[in-house]
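1. Need coordinates for the below:
(one chain, ligands or ions: 1)
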Amino acid sequence: MDNRPISALTFNATDLAEKSLAGEDLSREEAFAILEWPDEDILTLMQAAFKVRQAAFGKKVRLNYLVNIQSGICQEDCGYCSQSSISDVPVEKYKLMTPDEVEAAAEKAVANKAARLCMVASMRGPSDKDVAGVAAAIRRVKERFPQLELCACLGLLKDGQADTLNEAGVDAYNHNLNTSERHYGEICTTHGFSDRLDTVRKVREAGISSCSGALFGMGETREDILDVAYRLRELGVDSIPVNFLIPFKGTPQGHREELTPVYCLKILALFRLVNPFSEIRIAGGRELHLRSLQPLGLYAANSIFVGDYLTTEGQAGSLDREMIRDMGFEIVGENAAEGSAVPLVDRVTLTSRQARLAK
Ligand code: SF4
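-> A predicted model of the protein is given here:
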């Protein structure tokens, strides 16, 4: 007798992939079954995720390079964050980088074959002076490396600030939802889920590409995971970073040990199947939680960070590039002539998204 859970027996992975590619919403039951998928059948699930990933993004993998442009200075109390006001983690503290310093980070991004530089500042949200400083850095980097996409992550935005960044030439703005609305109060009390939604909407209204993702391993339920996957679909964000908690001792979430490599794969497959035409990026915690299964993650995701994370080191960029090539995948923009533009959204993605919106 087959002892697999009923939910996983009920659904066929190929059917889920076809439904996803047709732009149809997976039912909650189907999405729940993905998280409950039997470990021994994980390859069936990843094959379905790959079918969707391949249709939308081919064999391309986008590399993103992270720079912490302001570190260790934040008044918020996000329980997972080593840079929060309640964290005891010893992290470097410095104020907003100058355009020269951001330009130096951009040089490293280009040397690492990254298509995008993600400029992240630890703060609740920027003052207008902060936004002016980041805008100056954006102009500087765009002049020197027009092919490099720039993403800003400066926290909660006030009216008009997204427009200033847009005018400076920013390509994308990141602001993660992190978890479900229901669970949000468990991880942060100094701002709410609705504040986060408001910033994601401001970014979209300003015409900037929206990047918004989630963080798992913080005591959330499977329902919470589904909620945030569907919410991001509703918002229609272009890029979804999927983070796995790096438990810092000295933060309220520092005791968590909830994730396994195969469960992380199921989360990635869920995000791919629920958000077939969005970039899915394996973000923080990739090396720690996926471990030897990192290559399998790329069957669902089409994007990763290369280099270090905000306050922790990642594996060497050369190893990431080797992994991608060993799998027969291609790095976006790797062979682009210097100075030529890397498309912000792959043509095939755009076509798929337009088809979906036209329905
Ligand atoms: S707002 Fe950002 S930098 Fe500040 S505590 Fe939260 S996650 Fe950390």
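2. only C-alpha atoms for contact and neighbour calcs from this point on.
-> Noted.
3. near the ligand, which residues of the stretch 51-200 of the chain show up?
-> For the stretch 51-200 of the chain, the residues in contact with the ligand (CA under 6 Å from any ligand atom) are 74, 76-78, 81, 83-84, 122-124.
4. what do you get if the cut-off is 5 Å, keeping everything else the same?
-> With CA under 5 Å from any ligand atom as the criterion, the stretch 51-200 of the chain meets the ligand at residues 74, 76, 78, 81, 84, 122-124.
5. Which pair of those residues spans the longest distance?
-> 81 and 124 (12.4 Å; CA to CA).
6. quick one, which of the two is more surrounded?
-> residue 81 (27 against 18; other CA atoms under 10 Å).
7. thought that one was touching residue 88?
-> No. Using CA atoms under 8 Å, residue 81 is not in contact with residue 88, being 10.1 Å away.
8. any shared contact partners between these two?
-> Common contact partners of residue 81 and residue 88 (CA atoms under 8 Å, 6 or more residues apart in numbering): residue 251.
9. For the residue of the stretch 201-350 of the chain found nearest the ligand, give me its contacts.
-> Closest approach between the stretch 201-350 of the chain and the ligand, counting by CA to the nearest ligand atom: residue 310, at 9.6 Å. Contacts for residue 310 (CA under 8 Å, 6+ apart) come out as 66-68, 120.
10. same thing but at 7 Å, please
-> 67-68 (CA atoms under 7 Å, 6 or more residues apart in numbering).
11. I'd guess it is in a helix, am I close?
-> No. Applying DSSP: H, G, I helix; E, B strand; the rest coil, one finds residue 310 to be coil, outside a helix.
12. what are the phi and psi values for it?
-> Backbone torsions of residue 310, given as degrees, to the nearest 10, read phi -60, psi -50.
13. mind checking pLDDT for it?
-> With respect to pLDDT, residue 310 has a value of 77.
14. ok, it to residue 270 distance?
-> Distance, residue 310 to residue 270, by CA to CA, to the nearest Å: 26 Å.
15. cool, residue 20 as well?
-> From residue 20 over to residue 270 (counting by CA to CA), the distance is 10 Å.
16. Among the two, which residue is more densely surrounded?
-> residue 270 (26 against 22).
17. gap between the residue in the stretch 151-300 of the chain positioned nearest to the ligand and residue 84?
-> Scanning the stretch 151-300 of the chain for proximity to the ligand using CA to the nearest ligand atom identifies residue 155 as nearest, at 6.0 Å. Distance, residue 155 to residue 84, using CA to CA: 13 Å.
18. ok, now residue 57?
-> To residue 84, residue 57 is 36 Å away according to CA to CA.
19. so how far does stretch 17-31 reach from one end to the other?
-> 12 Å.
20. which parts of that stretch are buried?
-> If you call a residue buried by 16 or more other CA atoms under 10 Å, then stretch 17-31 has these buried ones: 17, 19-21, 23, 25-26, 30-31.
21. Show the residue spans covered by the strands in the stretch 201-350 of the chain.
-> 209-211, 214-216, 239-244, 279-282, 303-306, 330-331 (DSSP state E, counting those that start in this stretch).
22. Deepest-packed of these, please.
-> strand 279-282 (a mean of 27; mean count of other CA atoms under 10 Å).
23. If we ignore the residues flanking it in sequence, what's nearest residue 21?
-> residue 52 (6.1 Å; CA to CA, 6 or more residues apart in numbering).
24. Tell me who's in contact with the one you found.
-> Here residue 52 is in contact with 17, 21, 276 (CA under 7 Å, 6+ apart).
25. who touches the first one in this structure?
-> The neighbours of residue 17, taking CA under 7 Å, 6+ apart as the test, are 48-49, 51-52, 273.
26. how about 10 Å then?
-> Counting by CA atoms under 10 Å, 6 or more residues apart in numbering, residue 17 makes contact with 26, 45, 47-53, 272-274, 276.
27. Check which residues of stretch 36-54 are buried.
-> 36-38, 42, 45-54.
28. again, but for stretch 142-156
-> Buried positions in stretch 142-156, judged by neighbour count with 16+ other CA under 10 Å: 142, 145-156.
29. How far does it sit from its chain's centre?
-> Distance, stretch centre to chain centre, for stretch 142-156: 16 Å (CA atoms, centre = their mean, to the nearest Å).
30. for that stretch, how far is the first residue from the last?
-> Start-to-end, stretch 142-156 (CA to CA) is 24 Å.
31. pLDDT of that stretch, averaged?
-> 97.
32. anything in contact with each of residue 155 and residue 84?
-> 122-124.
33. Turn those into TSV, including secondary structure and distance to residue 245.
-> Formatted as TSV, these follow (DSSP: H, G, I helix; E, B strand; the rest coil; distance: CA to CA, whole Å):
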residue	secondary structure	distance to residue 245
122	coil	17
123	coil	20
124	coil	20
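34. between those, which is closest to the ligand?
-> residue 122 (3.6 Å).
35. which residues sit in contact with that closest one?
-> Taking CA under 10 Å, 6+ apart as the test, what residue 122 contacts is 68-76, 81, 83-84, 93-96, 153-155, 310.
36. Thought residue 198 was touching the residue of the stretch 151-300 of the chain closest to the ligand, still the case?
-> No. In this structure residue 155 lies outside contact range of residue 198 using CA atoms under 10 Å: 11.2 Å.
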